[in-house]
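Undergrad: Show me how the following folds:
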Amino acid sequence: MTKTRSGARVRVAMRGVAGTLAAGLLLAAGAAQALTCAAERPFPMVPSDPAACAELAEAVRAPSALPLDAYQEKLSAFLSNWCHRDAQAGWRRDKSVRDTGPFTARLVSGAWEGQGFGTHAPVVIWYSPEMADWLVAHRSDGDGADAPPVPDGAIMIKEMFPYPGTACADVEPERLFPTSGAALMVRDAGASHDGWYWGWYGFGSSSGWAPDYPPGPNNAYPNQGFGQYCLNCHASAANNSTFSAPKNIAGEPGTPLVFLSQDFFETPPAPPHHALVSLPADGVRRLGQPHVVADDAVIAALRAHVATLPTWESVPRMPSQTYDNTWVSAGGPKAADTFLTSSQCIGCHDAGSTGLQFDMTKPNPHGDGRLNLSPYATWSSSPMGLAGRDPFFFAQLASETQTFHPDSVALVEDTCLGCHGIQGQRQYHVDMFAETGQCAPFTRDMVDAVPFPADNPHVALADYGALARDGISCTSCHRMVLGPDAAAFAEAPQNACIAERQTLLNPENTGFARTFTGSFLVGAPDTIYGPFEGPLEKPMRNALGNVPTYHAAIASPEVCGTCHTVHLPILQNGTIVGHTYEQTTYPEWAFSAFRTGDTPDGPLPYGAGAQAQTCQDCHMPSKDADGRPFRSRIASIQEFTRFPQAENTLAPEEIDVPVRDGFSEHTLVGLNVFLVAMAQQFPDVLGIRTQDPMLVSRGVDPLIRTEQAMLDLATQATVSVGVPTLSMDETHIRAEVAIESKVGHKFPSGVGFRRAFVDFRVLDQNGETLWASGRTNAAGAIVDADGEPVAGEYWWADDCSARLDPDARAHQPHFQEITAQDQVQIYQELVSTPPAGESAPQCGHGVAPAGMLTTSFLSICTPVKDNRILPAGTLPLDERIAIAAALGAGPELAVEAGAYAVDGDPDYETGGGDTLRYTIPLADLPAGARPAAVAATLYYQAQPPFYLQDRLCTARGPDADRLAFLVGHLDLAGTRAEGWKLELVSSGAVAID
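TA: Model (predicted):
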């Protein structure tokens, strides 16, 4: 005799050989044990105070009428008191627990393991009277294709229970405790395009559920809200975003769908996907352990007055990512819905979001789990995804407004946040212009605006803060229009204030060059541009009201070039005295052998280069190392063919996602491992989550993969270094160091303070250093043999009281030969300010520098040095000028993209690398030393020490304090970036013959 799940007892009788074998197998695995319903309770859980439930019901029916935290408080009271189980109030329920997909068994190491493959864990849905009435009226005879909208206030509470569902199927649902919580839908058509409030709720204190506001320590994806990831499945419904059918409801005719259930054994319940998404581990989930106490060696080596570093308790924190959620409004998309947070894309364009399919992933070659290659995961952990929280940027912005240009704060903030906080800045302009007819500036304090508490003074700006913090996000790029199509949108309301920005930043430019510094136009707010022809339209249209549309321009380098050509005004005492190019990454490429010679506006002079590649070929790879295109579905949604059967779905041809060749990873990385390391170690300070919210523990954390992508790029695809000639005579060691660039722009490129340098060493037979050019201290500052900084490594006195001889503009020049240990080859750009006291200063390449060295983006008057390695095949100046003209820019663009102060070095005529000589007097070696080898190593610094010192000496307040804390507590020991310098490549020890 054995006990069944319902408590009755039955006799197991197996006859014949087959029965004996079957019984043996079951008994051997322990499968003859009874199935027990872990959710069953000895008493029904129904409302004990119907009057209280009736009072709560009015608030629960209208989620948009209350702030989220207040609504969740009411909803929690409603559900925890079982008000949704109030039959007297007209609530109805499913006939019994039912599966939403198969449950299968496998034998592993002599024991049975079970796994459920439902769209949800086993469920019982409870329907409010309005919801039940609508289903019975409009879905009893078919799919209800012409059904009217579900009425406002209709609610479905989908209680979830452990697998297998058959364990509880005979138990009265009122006696089942929802061990896996409940998914819920509340109809509120006036609040969002899809018209539903979505969420997950956990019953009881042990469920792990908590209100979303204030956020928990891990900045989790919110449990509930409008525009939630639930739409990745529900947008595949035939209408009204629900698959529900009246045949599931008790008292209605018909039988629910059934699925294979191999339920002959007990199995520990696995957490359902909804709970995994909603419930991160307790405590702060870091991907590396920072210094608990600030690193005194780094702080001392920075030579900046930071004696009052914030503590862990007082460090200013960025607002939580939990707040970063905007959605398409009811009746939209309109111009007010042009820019959306990535939370609206995550459900479909992150891997594993359905919990059933794992497209956009591959096995981790270095361990367990999967690598998440989805657009969301690869983008969100990249510097693009982190741009709206970048602590270096915000400290830079503080320097610009507090020290460099305090009389131009509004201009500076609006200009800079037009890139790093582009979505918030753009949407604010769109909305304010529609309201006032003015282009009001977007300000730094708006970035911190959050919706909680509801009476905070910036709550009305919360959407703009969320958009700005979301970085250079999905709708930044996938709404962009380039080429002939752009003109039609120039006067559209979603492009309000763009003409004004173009006039401010690119006044003399035309054509594509008019869009520099992120001044591009966007298309209609109901259109998303993508690189694949024939995209499925219905799911995105249902979820967001957007139509995915093929457009070839989205894959063009110009999508990158509009932002990665930074043209800025030169400010002096609140006056614009000229314009200059702060960053020319795109033109550097367009003038090199890597150019494709084509743009959305048409071909460029001189055609394609010999090594033609797009920006995306390197930074958004779509092929493997052997040139085979990546193949994957590009979205994770509820499909018809590859999912458990459901009622009321769209047709297969409308929701079955095809496999695409050339699936692009949105890796989007350079070499800024320092930013990524901060995100890994200080997610609580930056307000981010480290675990992917959709793939969760099934995948490698995206920040880990992003770091590895950077290290792979550094090692394999950036530069190489060798020592092709080496000799020693009675007086000198003579070595030639050859560096070859593999990149299609300058190395380094991007913001001007990035730099690389050569560490060249003479070694004895034990590998000990006898002589070195390129030693560093704890903060990465380059020092000589005595540990003293070489010229130009520090700009400020140790207490930040004054600049060190600013008129001297001390720095390491470009070398073709190095003979001493205080000479170092540093590949960098250095620029100077306008000379003080001149009302109409002359700036540009033809003007001798007369100001002081600066890190201010808006003070760049004249170059001092630019020996960054040019890309291979860099064209002569006259040909660069012709291409610049075709782009709509003047000849200064062609000049800026070249080198400066390289003293006629022939390596800078066509680019591709640099060769320099080391001539080392043996007399400079320690007495009695026996040199045995030399080694050349190339290092990279995304934030050199002079830059960090300048931030700590010229910025103050929360953004400066945050950066000081992060720099002081970041632990780089044992990494490739130890000592605040990223090792790229090395020649290794080369023996001296």
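
Undergrad: To what extent is the residue nearest to Glu172 when sequence neighbours are not counted buried, counted in neighbours?
TA: With sequence-adjacent residues excluded and distances taken as Cβ to Cβ, 6 or more residues apart in numbering, Glu172 is closest to Pro44, at 7.0 Å. (C-beta placed from N, C-alpha, C; glycine too.) Here the count is done by other Cβ atoms under 10 Å, and Pro44 has 12 residues near it.

Undergrad: Tell me who's in contact with Pro44.
TA: Counting by Cβ atoms under 8 Å, 6 or more residues apart in numbering, Pro44 makes contact with Glu172, Glu174, Arg175.

Undergrad: residues touching the second one, list them.
TA: Glu174 sits next to Pro44, Met45, Val46, Arg85 when contact means Cβ under 8 Å, 6+ apart.

Undergrad: Also the last one?
TA: With Cβ under 8 Å, 6+ apart as the criterion, the residues that contact Arg175 are Glu40, Arg41, Pro42, Phe43, Pro44, Met45.

Undergrad: Now distance to Gly574, pLDDT and secondary structure too, for those residues, in TSV please.
TA: TSV is the format used below for those (distance: Cβ to Cβ, whole Å; pLDDT from 0 to 100; DSSP: H, G, I helix; E, B strand; the rest coil):
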residue	distance to Gly574	pLDDT	secondary structure
Glu40	74	97	strand
Arg41	72	97	coil
Pro42	77	96	coil
Phe43	75	96	coil
Pro44	73	97	coil
Met45	68	98	coil
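
Undergrad: Got phi/psi on the residue nearest to Glu172?
TA: Dihedral pair for Pro44: phi -70, psi 140, per degrees, to the nearest 10.

Undergrad: one step back: in ChimeraX, select just the buried ones from the contacts of Arg175.
TA: Below is the selection syntax for ChimeraX that covers the buried ones among the contacts of Arg175, with 16 or more other Cβ atoms under 10 Å defining burial:
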select :40,45
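
Undergrad: could you redo the contacts of Arg175 as CSV and give each row distance to Gln645?
TA: Putting the contacts of Arg175 into CSV (distance: Cβ to Cβ, whole Å) gives the following:
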residue, distance to Gln645
Glu40, 28
Arg41, 31
Pro42, 35
Phe43, 35
Pro44, 32
Met45, 31
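
Undergrad: Tell me the one of the contacts of Arg175 nearest Ser140?
TA: Within the contacts of Arg175, the smallest distance to Ser140 is 28.6 Å, found for Pro44 (Cβ to Cβ).

Undergrad: Could you pull out the strands in the stretch 251-400 of the chain for me?
TA: Counting by DSSP state E, counting those that start in this stretch, the segments of the stretch 251-400 of the chain that form strands are 361-363, 370-372.

Undergrad: Could you look over those and pick the most buried one?
TA: Mean neighbours per residue, mean count of other Cβ atoms under 10 Å, is largest over the strands of the stretch 251-400 of the chain for strand 370-372, with a mean of 23.

Undergrad: tell me the mean pLDDT for that strand?
TA: The pLDDT scores in strand 370-372 average 95.

Undergrad: which helices and strands sit right next to that strand?
TA: Helices and strands touching strand 370-372, as assessed by 3 or more Cβ pairs under 8 Å, 6 or more residues apart in numbering; DSSP states H and E, comprise strand 361-363, helix 702-716.

Undergrad: Let's have those in TSV, adding distance to Val577 and mean pLDDT.
TA: As requested, the helices and strands packed on strand 370-372 are arranged in TSV below (distance: least, Cβ to Cβ, whole Å; pLDDT from 0 to 100):
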stretch	distance to Val577	mean pLDDT
strand 361-363	53	94
helix 702-716	38	97
